[in-house]
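Engineer: next one to model:
(one chain, ligands or ions: 1)
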Amino acid sequence: MTRRKKRGLGRGVAIVGGAMSHFGAYPDKTSRDLMTEAYLDALATIDKGMDPADIEAIYVGNFLGELFEGQGHLGHIIADWLGLAPRPATRVEGACASSGLAFREAVLAVASGMYDVVLAGGVERMTNAPLENVHDYLAAAADVPFELHQAALTFPGLYAAMTTAYMAEYGASGEHLMSVAVKNHENGSLNPRAQFNVSLRDIMAQRAAGAEKKGRPVPQWRNEIDFLNDAAANPVVADPLRLFDCSPITDGASCVIVAAEEVAREYTDDVVAVTASAQASAGPFTTWRDGITGIPSARVAGRDAYEMAGVAPEDIDFAEVHDCFTIAEVMAIEDLGFFEPGKGAYASAEGRTARDSDRPINVSGGLKAKGHPVGATGTAQIQEVWNQLRGRAGERQITHKDLRLGLTHNVGGTGGTCAVHVLERI
Ligand code: COA
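Structural biologist: Just a heads-up that it's a prediction; the model follows:
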């Protein structure tokens, strides 16, 4: 008999502060610098203020500090740098889901009753390394013998294989995926901390102006899709994925401060609770998965999160999902039950995930435009949903609907790990 215990937190957990550093190429900034920026900004978001002495433990998501900057053992280093030593500090690694997992550890630590206030964050410094090394390093997120060696694929190649399978199964085209990039760049243009704080229209105008200045023929793209179909402007990275299907290489950090619900009102009257925290695992997609047009760990984590929150996919007002490649967003909105399998690409192209739609997805710009400093992405998603739920997301605030429930979906590798959280304004 398989027993499934109904899961719940031992006590309520809320988010009382959160921020991300500027995301982008900052090769001269170390992980310590990036994390300090995010931490000081997070402290400043706490409505009634917080004495840092209240923070009892630290969880730091980081994937590859050893390789990117020759620095492992980041937990205690960040604690010391933020002035929080000797409090316990733990580094959490789950590839691109590292800080989604760090956040989950912080939530569980508070829910257990061990601590009342915990800092969860993530950081990755990536752009100081040569690109060919970056690719080799990121490939370690895959199952190396089975996904990389046996299938002879690069990391973008793995998602390209998923794209090819999705297109073959559901008849979707590259243009359906391009609509995800168009939307996420549009959203990123409203996010002052995004790596690409520009819409595709702005990028097209910049490129045209650049060509004119150099006396070269000025490209005459009719619209964004025309631009994305131009092989010179949008070259193939791993067929059928092109440059604008990929998230970029990014430096950045993010952090959130969680507190037991019973003390949260000491810090804010605007409380956002963690209604569900779920995590699941899966084997390599080349071997043991039932198809590669979706991610099984995301389906399980999504299902568990809905069960824990006592809600259904249609109750979720908006979500930040892991669009490391455009196909990943399409699979995410299907795996999470927002759209039927095979319908996500079409729904995206129809604008049904736009900022002003019924189900806004990645209003922050997503990994695609906001940037993807891998270890920092999970808590960057959390702080975005937290800000949106409190009506404090600035120009990109969702205003056409009342926001109560927001979801984050953070994937490691090709889906070996997935963390899903549901946040609720209470
Ligand atoms: N989307 C759009 N434009 C991008 C981009 C991206 N993902 N990455 C880089 N660019 C732009 C740069 O801004 C630059 O523009 P400019 O010439 O106008 O200044 C130009 O492309 C070249 O930049 P560069 O840094 O030399 O890009 P690159 O060709 O070396 O790298 C990728 C591009 C797509 C290969 C790289 O971003 C990549 O590997 N992304 C995937 C990362 C990944 O796998 N993450 C883990 C996922 S879980």
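
Engineer: please name the nearest non-neighbouring residue to Gly406.
Structural biologist: Closest residue to Gly406 apart from its sequence neighbours, by C-beta to C-beta, 6 or more residues apart in numbering: Val385 at 3.8 Å. Where you see a C-beta, it was placed from the backbone N, CA and C, and this is true even at glycine.

Engineer: could I get the pLDDT score of that neighbour?
Structural biologist: Note on Val385: pLDDT of 98.

Engineer: burial count for it?
Structural biologist: Residues lying near Val385 (other C-beta atoms under 10 Å) number 27.

Engineer: for it, what are phi and psi?
Structural biologist: phi -60, psi -40 (degrees, to the nearest 10).

Engineer: how about the residues of the stretch 151-300 of the chain by the ligand?
Structural biologist: Neighbours of the ligand within the stretch 151-300 of the chain, by C-beta under 6 Å from any ligand atom: 155-156, 237, 243-244, 246-249.

Engineer: immediately after the least confident helix or strand in the chain by mean pLDDT, which helix or strand?
Structural biologist: Least confident helix or strand, the chain: helix 131-139 with a mean of 91, by mean pLDDT, DSSP states H and E. The helix or strand immediately downstream of helix 131-139 is helix 155-170, counting by DSSP states H and E.

Engineer: next, the angle from that following helix to helix 131-139.
Structural biologist: Counting by axes from the mean of the first three to the mean of the last three C-alpha atoms, to 10 degrees, helix 155-170 lies at 60 degrees to helix 131-139.

Engineer: so what secondary structure elements neighbour helix 155-170?
Structural biologist: helix 131-139, strand 236-238, strand 241-242, helix 326-335 (3 or more C-beta pairs under 8 Å, 6 or more residues apart in numbering; DSSP states H and E).

Engineer: any idea which element the residue lying farthest from the centre of the chain lies in?
Structural biologist: No residue in the chain sits farther from the centre than Gly215, which is 40.1 Å out by C-alpha atoms, centre = their mean. In this assignment (DSSP H and E), Gly215 forms part of neither any helix nor any strand.

Engineer: do the same with Ile382
Structural biologist: Counting by DSSP H and E, Ile382 is found in helix 377-389.

Engineer: ok now that helix, how far from the chain's centre?
Structural biologist: Here the centre of helix 377-389 is set off from its chain's centre by 9 Å, with C-alpha atoms, centre = their mean, to the nearest Å.

Engineer: try stretch 251-260
Structural biologist: So, by C-alpha atoms, centre = their mean, the centroid of stretch 251-260 is 13 Å from its chain's centroid.

Engineer: tell me where this protein has strands.
Structural biologist: 13-20, 57-61, 89-92, 117-124, 236-238, 241-242, 252-260, 272-281, 318-320, 405-412, 417-425 (DSSP state E).

Engineer: what sits up against the fifth one?
Structural biologist: Counting contacts by C-beta atoms under 8 Å, 6 or more residues apart in numbering, the residues outside strand 236-238 that touch it are 153-154, 156-157, 159-160, 242-243, 245-246.

Engineer: that one pairs with which strands?
Structural biologist: Sheet pairing of strand 236-238 (DSSP bridges) gives strand 241-242 (antiparallel).

Engineer: now mean pLDDT, mean neighbour count and distance to Tyr137 too, for the strands of the chain, in a markdown table please.
Structural biologist: Below are these laid out as a markdown table (pLDDT from 0 to 100; neighbours: other C-beta atoms under 10 Å; distance: least, C-beta to C-beta, whole Å):
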| stretch | mean pLDDT | mean neighbour count | distance to Tyr137 |
| --- | --- | --- | --- |
| strand 13-20 | 98 | 27 | 22 |
| strand 57-61 | 98 | 28 | 16 |
| strand 89-92 | 98 | 21 | 17 |
| strand 117-124 | 98 | 31 | 10 |
| strand 236-238 | 96 | 17 | 17 |
| strand 241-242 | 98 | 23 | 19 |
| strand 252-260 | 98 | 30 | 16 |
| strand 272-281 | 98 | 22 | 22 |
| strand 318-320 | 98 | 26 | 25 |
| strand 405-412 | 98 | 28 | 14 |
| strand 417-425 | 98 | 26 | 17 |
